[in-house]
Every structure is written in structure tokens, then in C-alpha cells.
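Trainee: sequence first, predicted coordinates after that:
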Amino acid sequence: MEIEIIAFGKIAEFIRGQRISLTAVSDTEQLRKYLEDSYPLLSGTKYKLAINKRIIQQKTAIQNNDSVAIMPPFSGG
């Protein structure tokens with residue numbers, strides 16, 4: 001499976017936008033583990049994931065060619 005990774009804010013300083021191929025990842029929980037193992041700075045950072053522009057609140061399946069955004073906490077008004 002191939003997915004696109006997009007990072008925002010301070011996370012973009014150590015994770016650059018890229019396309020990655022994954023074989024052992026099928027959901028957001030497995031993706032979080034993969035990302036935190038690959039980028040140790042991420043494991044100490046609060047962040048949210050969005051799949052295809054939808055913020056994920058719970059374990060969600062990931063499909064081939066999905067776009068995954070990694071975002072630091074944010075607020076708005």
C-alpha cells in the first residue's frame with residue numbers, strides 16, 4: 001500500500017511531505033506506531049491525524065493512495 005504523508009507546524013520540521021509504501025499497516029493505530037518508531041521526536045508530541053482531509057478521532061482503516069495529514073494541536077475561532 002502506498003500513502004501520502006503531509007505534516008504541518010513543528011512536525012513538518014522533522015517529517016517532510018512524502019509518499020511511502022507500507023506493508024504491515026492497515027489502520028491509524030498501526031500507522032501511529034510506524035510513524036513514532038520512524039520519527040522518535042513524534043512520540044513526545046501531541047498530534048492528530050487526518051485521512052483524506054477528515055480528522056480522525058478513533059481507529060480508522062487506511063486504504064491504498066490515502067492522504068494522511070499529521071497536525072499539531074490547533075485552535076480557532
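Mentor: That came in fine, so what should we check first? Numbers count the residues shown, from 1 in each chain.
Trainee: which residues sit in contact with Ala24?
Mentor: Applying C-beta atoms under 8 Å, 6 or more residues apart in numbering to Ala24 gives the contacts 30, 34. C-beta coordinates here come from the backbone N, C-alpha and C atoms, glycine included.
Trainee: oh, I was asking about Leu49
Mentor: By C-beta under 8 Å, 6+ apart, the neighbours of Leu49 are 28, 31-32, 55-56, 68-71.
Trainee: any idea which element it lies in?
Mentor: strand 48-51 (DSSP states H and E).
Trainee: ok, Gln30 next?
Mentor: helix 28-38.
Trainee: which residues touch that helix?
Mentor: Everything outside helix 28-38 that qualifies as a contact, by C-beta under 8 Å, 6+ apart, is 15, 22, 24-25, 42-43, 49, 51, 56, 59-60, 62, 68, 70.
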